[in-house]
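Participant: Turn this into a model:
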Amino acid sequence: MPYSAAVGEIRKRQPTGAAVLQADVTEAITEAVLDELADTGYGKLSMEAVARRAGVGKSALYRRWPSKQEMVMAVVADFSIDRAAAPDTGSLRGDLAGLVHAFTEWLTHPRISRILPDLAAEGVRNAELAEAVRAAIGGPRRTIGAAVLQRAIARGELPADTDLELALDLIAAPVYWRLSVRGAPVEPGYLDAVADAVLRALTGRMAP
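Facilitator: Numbering: from 1, shown residues only. Got it, this is the predicted structure:
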């Protein structure tokens, strides 16, 4: 059989083994990773425990990810980036409010509220993990937020030389400090007050 015909025949075959990643199995593993992380923390999480909770063999995990760290980063990143807000309300004030509210919903999610502080604490002892969290979760979420601010620059609501990194810190820091550091409740009106404060800091003006 000519080489080109042989290649065509191979492409027609249904893939087997490692090439087959059933969506329902991936979903079961994903849920197991999140639950195991929330219940036991990163340090105690094991591939065996995740496989047991998901009702699959360990080989199903290793077909998808080569290590515990890559598995955790992939699952938490997908979960977190899907929940990153990209509001486009037509106004900077509206977009800031959308970013603040969505960030709060992410931080207070029943799983993330337990997973994120644990990963942060683990990252203090594990520089490789800390960098992986920044690259897989923090970086992509900030990129989405930066695009919102860039739209405000394009509309003329922010100066062209706005420090986007500092602006993103201003949006997230008050909520993170209140919830994750102080453990204080988010009272009615607090998130809108944060959006107004960030607007003043970035533009020097009050909300209309």
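Participant: contacts, neighbours, all on C-alpha from now
Facilitator: OK.
Participant: Pull up the gap between residue 150 and residue 92, please.
Facilitator: 10 Å (Cα to Cα, to the nearest Å).
Participant: who's more crowded, these two?
Facilitator: residue 92 (24 against 17; other Cα atoms under 10 Å).
Participant: If we ignore the residues flanking it in sequence, what's nearest the more buried one?
Facilitator: Among residues not flanking residue 92 along the chain, residue 152 sits closest, at 5.8 Å (Cα to Cα, 6 or more residues apart in numbering).
Participant: Kindly provide the distance from the one you found to residue 199.
Facilitator: 11 Å.
Participant: Give the intersection of the neighbour lists for the two.
Facilitator: Residues touching both residue 152 and residue 199 (Cα atoms under 8 Å, 6 or more residues apart in numbering): residue 92.
Participant: Show me the shaky parts of the chain.
Facilitator: Low-confidence segments of the chain (pLDDT under 70): 1-21, 205-208.
Participant: domain ranges for it?
Facilitator: 13-64, 80-203 (automatic domain parsing).
Participant: so the most centrally placed residue in the chain is in which element?
Facilitator: By Cα atoms, centre = their mean, the chain has its centre lying nearest to residue 80, at 2.5 Å. Element membership for residue 80, per DSSP states H and E: helix 68-81.
Participant: mind listing what's buried in that helix?
Facilitator: 68, 71-77, 79-81 (16 or more other Cα atoms under 10 Å).
Participant: what does stretch 169-182 give?
Facilitator: In stretch 169-182, counting by 16+ other Cα under 10 Å, buried: 170-172, 175, 179.
Participant: hey, C-alpha coordinates of it in PDB?
Facilitator: What follows is stretch 169-182, C-alpha atoms only, in PDB (Å, rounded to 0.1, in the frame of the first residue of the first chain):
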ATOM      1  CA  ASP A 169      -4.700  45.300  41.600                       C
ATOM      2  CA  LEU A 170      -6.900  48.100  42.700                       C
ATOM      3  CA  ILE A 171     -10.000  46.200  41.500                       C
ATOM      4  CA  ALA A 172      -9.200  42.900  43.200                       C
ATOM      5  CA  ALA A 173      -7.200  43.900  46.300                       C
ATOM      6  CA  PRO A 174     -10.000  45.300  48.500                       C
ATOM      7  CA  VAL A 175     -12.300  42.300  48.000                       C
ATOM      8  CA  TYR A 176      -9.500  39.800  48.400                       C
ATOM      9  CA  TRP A 177      -8.300  41.500  51.600                       C
ATOM     10  CA  ARG A 178     -11.800  41.600  53.100                       C
ATOM     11  CA  LEU A 179     -12.800  38.100  52.200                       C
ATOM     12  CA  SER A 180      -9.600  36.000  52.200                       C
ATOM     13  CA  VAL A 181      -7.400  37.900  54.700                       C
ATOM     14  CA  ARG A 182      -9.800  39.500  57.200                       C
END
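Participant: Check this protein for its longest helix and report it.
Facilitator: What stands out as the longest helix in the chain, according to DSSP state H, is helix 23-40.
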